[in-house]
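Asker: the following block contains a protein sequence and its predicted model.
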Amino acid sequence: MMRLASLTMFLAACLAQATPAAAKPAAPPPAAPPKRLVIVDDDIIGLNGVPLLMLQAPDVELLGITTTSGSVWRDTATAYALRTLEIVGRTDVPVVPGAVVPLVNTAEATKAWEAQYGRLVFKGPWTDYWPEGTLQDHPGAARPEVVPALPIGNPTIEAKDEIAAAFLVRMVRAHPGEITLFATGPMTNIAIAQSLDPGFAANVKELIYMGGSLLPRQTLPGASAEQFAREFVNSPRREFNIRWDPEAARIMAHAPWRKVTMIPVDPSTGTQWTTDFFASLKPAGTRLTELMQTAIEPGFPMWDEIAAMVWLDPAIVTHEAPLYIDFETSQTAAYGDTLSWTEAYRPKLGEREQRVILSVDRAKMEAGMRALYMRRIK
């Protein structure tokens, strides 16, 4: 019996050694980091600006595009936004129309102002003629509801039936402290959202806006750079996005944002869309890179692209400064001008500190943009 028991135990031990241990389940792959949430408020015109770069960025989720009048009327900006989404195959992103006119400023008030203080270089859709000859197209249009045929094709999808400011408030409430808000046109929608919900700004993760002007200087040669310099050469504190709706800009500047990054005109003078840059995109051979060959006029500064790339690639920033910022709203010669102070000199009347981008590395910025534009999205 002892032998039999020993033999049984021996055989059991052999079988245990011969039978492979059950394989441990493979560890699950590490979860991908969550995408960064973004909303873009824009007077979008053509295949440029912040929305396109955000759509091409792999780590960004664009929650929506809200539109406003500025460089063009709101409905035209809306059409451009919708068409951009069609071109890159992202019709799931909502486009929500916003403000048609400024809070206070009007075309008539602007004409009266010009009669006292001289003509503005650019007035967006209120532009009736250029005081001097220009290489750039004339954007003026008398009727806000008339949308011209778009050079990049007309959209077949429609905007959402919601008001931009309400959409902004709703999304920020749904994602408190998580959304980076880009404002690259006039600040009308932003001001209305803050007025609707005084907690709106405090629940935005960061506001990045293109607007304002400190002391820009022409830094590139050529006729286009010289003509764009006309807007600030004799009035260095004036910039169109703010001048279109100064009251909205002031509301924005006084709101309790967690963090604000300002992109004034200053760094844009060292950038320019060129035929060489467009040609460098051709090897990608995508629908987007082919359309970009003719969709953007060479010679324009890369205004809004700086706002996008400063956030996507902070290494492009070569000079920045913390400044307290406000905007002039008195109906005087300085209407819409940018006001700025360091801590020691500010008046303490509600102005808040902002991170102000003063210069960027053009080559590094263009390399980042090129990589994004050429990226194939399945």
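Answerer: Yep, it's here.

Asker: my read: residue 193 touches residue 169, true?
Answerer: Yes. In this structure residue 193 lies within contact range of residue 169 using Cβ atoms under 8 Å: 5.3 Å. C-beta: built from backbone N, CA, C; applies to glycine.

Asker: give me the more crowded residue out of the two.
Answerer: The neighbour comparison of residue 193 against residue 169 (other Cβ atoms under 10 Å) goes to residue 193, with 30 against 19.

Asker: give me the three-state assignment for that one.
Answerer: Of the three states, residue 193 takes helix according to DSSP: H, G, I helix; E, B strand; the rest coil.

Asker: going forward, begin numbering at 58 instead of 1
Answerer: Yep, numbering from 58; the last one is residue 250 now.

Asker: number of nearby residues for residue 366?
Answerer: Residues lying near residue 366 (other Cβ under 10 Å) number 27.

Asker: check contacts around the nearest residue to it once chain neighbours are set aside.
Answerer: In space, and not counting its chain neighbours, residue 366 is closest to residue 422: 4.9 Å by Cβ to Cβ, 6 or more residues apart in numbering. Shown in contact with residue 422 (Cβ atoms under 8 Å, 6 or more residues apart in numbering): 328, 359, 362, 363, 366, 370, 373.

Asker: helices of the stretch 158-307 of the chain, residue ranges please.
Answerer: 164-174, 221-231, 245-253, 280-290, 297-301, 303-311 (DSSP state H, counting those that start in this stretch).

Asker: could you export the last one as PDB, CA atoms only?
Answerer: What it means is helix 303-311. Extracted in PDB, the C-alpha atoms of helix 303-311 (Å, rounded to 0.1, in the frame of the first residue of the first chain):
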ATOM      1  CA  PRO A 303     -14.400  97.400 -28.300                       C
ATOM      2  CA  GLU A 304     -17.100  96.900 -25.700                       C
ATOM      3  CA  ALA A 305     -17.100  93.200 -26.100                       C
ATOM      4  CA  ALA A 306     -13.300  93.200 -25.800                       C
ATOM      5  CA  ARG A 307     -13.400  95.100 -22.600                       C
ATOM      6  CA  ILE A 308     -15.900  92.600 -21.100                       C
ATOM      7  CA  MET A 309     -13.500  89.800 -22.200                       C
ATOM      8  CA  ALA A 310     -10.500  91.500 -20.600                       C
ATOM      9  CA  HIS A 311     -12.300  92.000 -17.300                       C
END
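
Asker: packing partners of the following helix or strand past it?
Answerer: Later in the chain than helix 303-311, the nearest helix or strand by DSSP states H and E is strand 317-320. Helices and strands touching strand 317-320, by 3 or more Cβ pairs under 8 Å, 6 or more residues apart in numbering; DSSP states H and E, are strand 263-267, helix 360-369, strand 374-384, strand 409-417.

Asker: list the buried residues in the third one.
Answerer: Which is strand 374-384. By 16 or more other Cβ atoms under 10 Å, the buried positions in strand 374-384 come out as 374, 377, 380, 381, 382, 383, 384.

Asker: same question for stretch 150-165.
Answerer: Result for stretch 150-165 [16+ other Cβ under 10 Å]: buried residues 150, 151, 152, 153, 154, 155, 156, 158, 159, 160, 162.

Asker: between those residues, which is nearest residue 426?
Answerer: Closest approach to residue 426 among the buried residues of stretch 150-165 (Cβ to Cβ): residue 150, at 20.0 Å.

Asker: distance of that closest one relative to residue 214?
Answerer: Between residue 150 and residue 214 the distance is 10 Å, computed by Cβ to Cβ, to the nearest Å.

Asker: in which helix or strand does the residue nearest to residue 366 reside?
Answerer: Per DSSP H and E: residue 422 is located in helix 419-430.
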